[in-house]
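[1] structure for the following, please:
(one chain, ligands or ions: 2)
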Amino acid sequence: MDYLIKDITNLVTCKSNSGKPKEGSGQSEIVLIKNGNVFIEGEKISFAGTGTELKTYLKDYKGKYEVLEGKNRTVMPGFIDSHTHLVFAGSRSDEYEMRIKGSSYEEIAKAGGGIASTVNAVRNATPEELFRLSEKRLGNFLFYGTTTLEAKSGYGLDLKNEIKMLEVINKLNLKNRYGINIIPTFLGAHSVPKDMSKRDYIDLICFEMIPQIAKKKLAKFIDVFCEKNYFDAAETESILSLGAKFGLIPRVHTDQFNSIGGVDAAIRANAISVDHLEVLKKRDIRKLSGKNIIATLLPGTSYFLNIPYQPARELIGSNVPVALATDFNPGSCMTENLQIIMSLASLKLKMSAEEIINAVTYNAACSLFLQNSYGSIEKGKYADLLIFDFPSYKDLLYHFAVNGLEFVFKKGKKSEVERF
Ligand code: NIG
Ligand code: FE
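    Ligands and ions are numbered 1, 2, ... in the order given. A predicted model of the protein is given here:
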């Protein structure tokens, strides 16, 4: 079915002419068309523009199409969540309660909980169970407007189970009930398994996991948790650089609790993204400036763990492109709702509505190297777009914690967001 969404009060295209991530003042360029129109042919956007331009476009169009009213509505690109731990089993709600009573994430991890507890659950789960649990979560992602997401391994921590997780991610990407695209990242270096020395585990990652995962083409990216008691900067750099030799593009978890040189490691390994950055130092912000590395900020983790928020203003002021993501995972951010993350970015990171929208669309697409096909509303791109029952895109932040989404288009397929 083809569609015309007509007379859209706020058509937020997020268009870019450069193909590069938006940074500095460019982070605010959403390329808004007032009273705009979008035409969808099959899976792709075939037109986006003004009413006058639409008339010309329709002269050559011969088929049948459904018309959707855009008056008093805002249309924007489908959200892209560029940092998630979608695939896991089990629950850490007990840890959540321990934290509410005063234990810290680090204390819980030291006492044998944390990532290790999810590793147990994942190792005990069948691929079918992991698939079923994760596909169900995709419904929650789509409900709040996420049409593409990145998903990491990292709860297997041995060859068999890391591959099991990546195979589930790849299978979900090929086929899931919602048609969501899922981009796989190998995060073997998420933690050291209990029964192994760190040296032996790094050897396993480097000499067995990376070569096999690359050979089977199971991941596009490689990630490391650069943190005290996990992987130091030198280990991070060597794992990422080896991954890069095998064609896996580096991204890094760094500066979440401690600043231990992860930014230097990321720069040296040519990472596309540095993620977390809750305790990022000023000198590291300066180092990131002009490096074409995207800062992926995860304010949901700050909220959920009660740790500092990320220095978004300083990053944007230093011309570092910013993306925002959920970090959806059972331990440090248990939500699939990117709209909540956007609200936190507004109130806590002091980002403007325009900066936030680019951070969850175009810049997030850039961090996954998807900007040629996704991340903005432009002719030729996939028809991944959201219709909000708001006259202004600013209402998305102002009217918080209520889902104003009316329709989601994923590759031209329309779903209605159910309401009472
Ligand atoms: O991105 N920081 C490390 N990894 C995840 C948390 C994983 C977990 O607690 O299960 C994160 O916050
Ligand atoms: Fe994470």
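
[2] nearest to ligand 1: which residue in the stretch 301-420 of the chain?
    As assessed by C-beta to the nearest ligand atom, ligand 1 sits closest to residue 331 within the stretch 301-420 of the chain, at 2.4 Å. Placement of C-beta: from N, CA and C, glycine included.

[3] make sure that residue is actually in contact with residue 90.
    No: look at residue 331 against residue 90 with C-beta atoms under 8 Å: they stay out of range, at 10.5 Å.

[4] which neighbours do these two share?
    With contacts taken as C-beta atoms under 8 Å, 6 or more residues apart in numbering, residue 331 and residue 90 have residue 118 as neighbours in common.

[5] tell me the contacts of the closest residue in space to residue 39 that isn't next to it in sequence?
    The spatial neighbour of residue 39 that comes closest, neighbours along the chain excluded (C-beta to C-beta, 6 or more residues apart in numbering), is residue 47 at 3.8 Å. Counting by C-beta under 8 Å, 6+ apart, residue 47 touches 37, 38, 39, 53, 54, 57, 379.

[6] give the buried subset of these as a ChimeraX selection command.
    Buried members of the contacts of residue 47, defined by 16 or more other C-beta atoms under 10 Å, are picked up in ChimeraX with:
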select :37,38,39,54,57
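
[7] contact residues of the chain facing ligand 1?
    With C-beta under 6 Å from any ligand atom as the criterion, the chain meets ligand 1 at residues 85, 114-115, 118, 225, 253, 256, 301, 327, 329-332.

[8] the contacts of residue 47 into CSV, with extra columns for secondary structure, distance to residue 66 and pLDDT?
    As requested, these are exported to CSV (DSSP: H, G, I helix; E, B strand; the rest coil; distance: C-beta to C-beta, whole Å; pLDDT from 0 to 100):
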residue, secondary structure, distance to residue 66, pLDDT
37, strand, 14, 98
38, strand, 13, 98
39, strand, 11, 98
53, helix, 20, 97
54, helix, 15, 97
57, helix, 16, 96
379, coil, 19, 98
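
[9] how long is stretch 63-75 from one end to the other?
    Stretch 63-75 stretches 24 Å from its first residue to its last (C-alpha to C-alpha, to the nearest Å).

[10] now do the buried residues in it.
    Across stretch 63-75, burial judged by 16+ other C-beta under 10 Å covers 68, 70, 73, 74, 75.

[11] picking up where we left off before, can you redo the residues of the chain next to ligand 1 as TSV with secondary structure and neighbour count?
    Below are those laid out as TSV (DSSP: H, G, I helix; E, B strand; the rest coil; neighbours: other C-beta atoms under 10 Å):
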residue	secondary structure	neighbour count
85	coil	25
114	coil	20
115	helix	24
118	helix	24
225	strand	21
253	strand	27
256	coil	28
301	helix	28
327	coil	29
329	strand	25
330	coil	21
331	coil	23
332	coil	24
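
[12] between the residues you listed, which is closest to residue 30?
    Nearest to residue 30 among these: residue 327, at 24.1 Å, using C-beta to C-beta.

[13] centre of the chain to stretch 81-96, how far?
    From the chain centre to the centre of stretch 81-96 is a distance of 14 Å (C-alpha atoms, centre = their mean, to the nearest Å).

[14] stretch 39-50 now?
    With C-alpha atoms, centre = their mean, you get 25 Å for stretch 39-50.

[15] for that stretch, buried residues please.
    39, 40, 41, 45, 46, 47, 48, 49.

[16] just the CA coordinates for that stretch, please, in CSV.
    Extracted C-alpha coordinates of stretch 39-50, given in CSV (Å, rounded to 0.1, in the frame of the first residue of the first chain):
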residue,chain,number,x,y,z
PHE,A,39,4.6,10.2,0.1
ILE,A,40,5.4,6.6,0.7
GLU,A,41,5.7,4.1,-2.2
GLY,A,42,6.2,0.6,-1.0
GLU,A,43,9.1,0.4,1.6
LYS,A,44,10.6,3.8,0.7
ILE,A,45,9.9,7.5,1.0
SER,A,46,9.3,8.8,-2.6
PHE,A,47,8.6,12.4,-1.7
ALA,A,48,8.9,14.9,1.2
GLY,A,49,8.1,18.5,0.7
THR,A,50,5.7,21.4,0.5
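
[17] coming back round to it: and the two most separated of the buried residues of stretch 63-75?
    Farthest pair in the buried residues of stretch 63-75 (C-beta to C-beta) is 68 and 74. Separation: 13.1 Å.

[18] and for those two, which residues touch both?
    residue 387.

[19] circling back: and the residue nearest to residue 39, which of the three is it?
    Under DSSP: H, G, I helix; E, B strand; the rest coil, residue 47 falls in the strand class.

[20] now the residues of the chain next to ligand 1 in CSV, with pLDDT?
    Shown next, in CSV, are these (pLDDT from 0 to 100):
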residue, pLDDT
85, 98
114, 94
115, 96
118, 98
225, 98
253, 98
256, 98
301, 98
327, 98
329, 98
330, 98
331, 96
332, 96
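
[21] for the residues you listed, give me TSV that also has distance to residue 356.
    TSV is the format used below for those (distance: C-beta to C-beta, whole Å):
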residue	distance to residue 356
85	22
114	30
115	29
118	29
225	26
253	22
256	21
301	17
327	16
329	22
330	26
331	25
332	21
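
[22] for the residues you listed, which one is nearest residue 273?
    Nearest to residue 273 among these is residue 253, at 10.0 Å by C-beta to C-beta.

[23] for that closest one, what are its contacts?
    Counting by C-beta under 8 Å, 6+ apart, the residues that residue 253 touches are 223, 224, 225, 226, 227, 262, 275, 276.

[24] what do you get if the cut-off is 6 Å, keeping everything else the same?
    225, 275, 276 (C-beta atoms under 6 Å, 6 or more residues apart in numbering).

[25] how about the strands in the stretch 1-150 of the chain?
    Assigned by DSSP state E, counting those that start in this stretch, the stretch 1-150 of the chain shows strands spanning 2-12, 32-41, 44-49, 65-69, 74-77, 79-81, 146-152.

[26] how far away from the center of its chain is the fourth one?
    It stands for strand 65-69. 30 Å.

[27] strand partners of it, parallel vs antiparallel please.
    Taking DSSP bridges as the criterion, strand 65-69 sits next to strand 2-12 (parallel) in its sheet.

[28] buried sites along the strand it pairs with?
    The neighbour-count check on strand 2-12 (16+ other C-beta under 10 Å) flags 3, 4, 5, 6, 7, 8, 9, 10, 11, 12 as buried.

[29] between those residues, which is nearest ligand 1?
    Nearest member of the buried residues of strand 2-12 to ligand 1, counting by C-beta to the nearest ligand atom, is residue 12, at 28.6 Å.
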